[in-house]
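> dropping a prediction and its sequence here:
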Amino acid sequence: MNPVPTEQASNPEIRTLAERVFQQLQDAIVRGELAPGSKITEPGLSRTYGISRGPLREAMRRLEAHRLIERVPHVGARVVKLSMQELLELFDVREALESMAARLAAEHMTAEEIVGLREVLAVHERQADLRRGEAYYQREGDLDFHFRIVQGSHNKMLMTMLCDDLYYLVRLYRTQFSASGTRPQRAFVEHHRIVDAIEAGDAELAELLMRRHVSASRANVVDRYAATLKQDAAAIP
């Protein structure tokens, strides 16, 4: 990640504005308001968000570091769009690492952290989208069930990889392609079972349940992503 220019790093107002723009842009990307593969330009974003180029460039550097945008030679910046193979590889990594995180969480999570995890699920249960069975949208960070599991592993290496390096990219595909049929409600039930295993200190069961959970999510996401690729291909004259 490129260093922030000195004048920006020393100006709290610019940092705050860049943080706000970063949050707006990453949320727009995760929700699909800025479509995968779409080209983005500084002048266009500057007009949309009414900010100067300095804070915008800092926000775009952060988006690039979080793998949400990429710079393509002779094209410019665009919202990331994984190929099917890249998506499969991402979920392979997620299945391996998150199941490990669940096992470690069963061994190391404190009683207070488990209570907090159940409180997160209680918040999710009140969501209108989940009640209607349309989606299971989780806000980032402490309101994200998977984020809390990784934090509960108390393994700094896993936290770096899953809560920083890959977090926003995984969240993008979870958010845009995970809602289908009965999957939102089933995922919620699976979350409760994983917490039960963690609270019981059953590391082997927690790992198995998380592996199955991510595998089911992968199958659902891949099916929906494949459907969008077919639609895109059909739309080409």
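That came through, no problem.

> in which helix or strand would I find the most centrally placed residue in the chain?
Among the residues of the chain, the one closest to the centroid is Arg171, at 1.5 Å (CA atoms, centre = their mean). Using DSSP states H and E, Arg171 sits in helix 167-177.

> elements contacting whichever helix or strand comes after that helix?
The element immediately downstream of helix 167-177 (helix or strand, assigned by DSSP H and E) is helix 183-199. Identification of packing neighbours for helix 183-199 by 3 or more CB pairs under 8 Å, 6 or more residues apart in numbering; DSSP states H and E yields helix 84-108, helix 111-125, helix 128-131, helix 145-152, helix 203-235. Quick note: C-beta positions are derived from backbone N, CA and C, even for glycine.

> now do the helix holding Arg171: everything it contacts.
For helix 167-177, the surrounding residues in contact (CB atoms under 8 Å, 6 or more residues apart in numbering) are 26, 29-32, 66-68, 80, 82, 87, 90, 94, 137-138, 140, 144, 147, 162, 217, 220-221, 224-225, 228.

> buried subset of those?
26, 29-30, 66-68, 80, 82, 87, 90, 94, 137-138, 140, 144, 147, 162, 217, 220-221, 224-225 (16 or more other CB atoms under 10 Å).

> quick one: Pro55 from Val221, how far?
Pro55 sits 33 Å away from Val221, going by CB to CB, to the nearest Å.

> could you do Val79 as well?
17 Å.

> sorry, back to before: and Ala18, which of the helices and strands packed on helix 183-199 is closest to it?
With CB to CB, the closest approach to Ala18 among the helices and strands packed on helix 183-199 belongs to helix 145-152: 22.6 Å.

> list the buried residues for whichever helix or strand comes after that closest one?
From helix 145-152 onward toward the C-terminus, using DSSP H and E, the following helix or strand is helix 156-160. Using 16+ other CB under 10 Å as the burial criterion, the residues of helix 156-160 that qualify are 158-159.
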